[in-house]
Every structure is written in structure tokens, then in C-alpha cells.
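Enquirer: Show me how the following folds:
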Amino acid sequence: MPAYNVYDAPLGSLIRYFDGTPKPPARFTKKLAAWKSRNGVGRLVRKQPCRERATYTAPASITLHEGDFASGSVILVTVMRTHSVDSDLSFEIVERPKIGMVRVLNRIGDDDELLNLAESREAAELWLAKAGYSRARLEEVTADEVSADVIEGRTAA
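Expert: Okay, here's the model as predicted:
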């Protein structure tokens, strides 16, 4: 499915993106690195609508959190990828947040950014206390949200 269909997915969904080409053998390190940059999985953490400026127009985009590189308990590098909704890649929703999970959201400009997806409100509050975001808010995944996706045909494959 194209990226603009994934744009409607709720924050916290696990999204797979791919270009349809087969994975090259490990001995071809440059080809494998190029393939990995166009094929992967990430958690949907941000959706930005189309932005119009005087000199250009930026299409809507989605940002996926692909992982963290850490040393001990210290995160050194966070890997995020932003894809335009008119990307030539294909996207699919692998998993949606379950009922009862809690999103920790932070406001960036006019958009929300997912900081953490916790299993429960207690886990989200604990994470928030440790992380120290002062303006973050908690949002629970409700049955209404999940059932709306099913009714509208947006369930994960």
C-alpha cells in the first residue's frame, strides 16, 4: 500500500516499508547497505501534514523510529526515518497498538510525536518520571479507536 494510506494509521503502529527487490547476499556489503536503507520496519512516531512555503511545498510525511544503539543503559544513537507520502516505496501496517496501551506524546509545533508506547498507564507514568519530559501527556488506546479501524477497513494484515 502507498504511504498515504499508512498516514491514517494511529501513532504507535508498527510499519514495514519495502521496495520489492530481493535481499542481496551478505558478501555484497554496499548493495546490502543500500537495500537496508529501502527495506525495514519502524514504529510510527510522527505524522506531518503538507507544508506550503513561499518557495516550495513539502508533501505530508511519516516518521518511523527504527531503533536505538546503546552502550549499557545509555542511548547513544536513535535511528529515525522520515518518508514522504508520495514515496515510491510500499508500506504495510504490521501491528497496531492494542486496547489499554498508553501513548506518551509530546507536542512539537502543531504535531504530536510519540515518545513511548507503554503496556499500561502505570508503565507510562514510570517511563515519564524517569525520562523527565515536563510537557508530555498520556493517551490511552481505546476500544473505539481500534473498532473504528476495523470498520473502516484499516486493520493490520
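
Enquirer: If you count neighbours, what's buried in the host helix or strand of Glu113?
Expert: Assigned by DSSP states H and E, Glu113 belongs to strand 111-118. Across strand 111-118, burial judged by 16 or more other CB atoms under 10 Å covers 112-118. (Each C-beta comes from the backbone N, C-alpha and C, glycine too.)

Enquirer: and which of the residues you listed is nearest Tyr56?
Expert: Glu113 (23.1 Å; CB to CB).

Enquirer: what about the residue nearest to the closest one when sequence neighbours are not counted, is that helix, strand or coil?
Expert: Spatial nearest neighbour of Glu113, chain neighbours left out: Arg46 (4.7 Å); criterion: CB to CB, 6 or more residues apart in numbering. Per DSSP: H, G, I helix; E, B strand; the rest coil, the secondary structure class of Arg46 is strand.

Enquirer: Report the contact partners of Arg46.
Expert: Arg46 sits next to 11, 62-63, 82, 108, 111-114 when contact means CB atoms under 8 Å, 6 or more residues apart in numbering.

Enquirer: Could you find the closest non-adjacent residue to the residue most central in space within the chain?
Expert: Against the mean C-alpha coordinate of the chain, by CA atoms, centre = their mean, the closest residue is Leu44 at 1.2 Å. Spatial nearest neighbour of Leu44, chain neighbours left out: Ser13 (4.7 Å); criterion: CB to CB, 6+ apart.

Enquirer: For the one you found, give me its contacts.
Expert: If you count contacts by CB under 8 Å, 6+ apart, Ser13 has them with 6, 43-44, 93-97, 156.

Enquirer: how about a cut-off of 7 Å?
Expert: 44, 93, 95-97 (CB atoms under 7 Å, 6 or more residues apart in numbering).

Enquirer: Repeat that for Val77.
Expert: By CB under 7 Å, 6+ apart, the residues touching Val77 are 68-69.

Enquirer: Just the C-alpha atoms of whichever strand or helix holds it, please, in PDB.
Expert: According to DSSP H and E, Val77 maps onto strand 74-84. Provided in PDB are the C-alpha atoms of strand 74-84 (Å, rounded to 0.1, in the frame of the first residue of the first chain):
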ATOM      1  CA  VAL A  74      22.800   5.000  27.800                       C
ATOM      2  CA  ILE A  75      21.200   5.500  24.300                       C
ATOM      3  CA  LEU A  76      23.900   6.900  22.000                       C
ATOM      4  CA  VAL A  77      22.100   7.000  18.700                       C
ATOM      5  CA  THR A  78      18.400   6.900  17.800                       C
ATOM      6  CA  VAL A  79      17.500   5.900  14.200                       C
ATOM      7  CA  MET A  80      14.500   7.700  12.700                       C
ATOM      8  CA  ARG A  81      13.500   7.700   9.100                       C
ATOM      9  CA  THR A  82      11.000  10.200   7.500                       C
ATOM     10  CA  HIS A  83       9.200   9.100   4.400                       C
ATOM     11  CA  SER A  84       7.100  11.400   2.200                       C
END
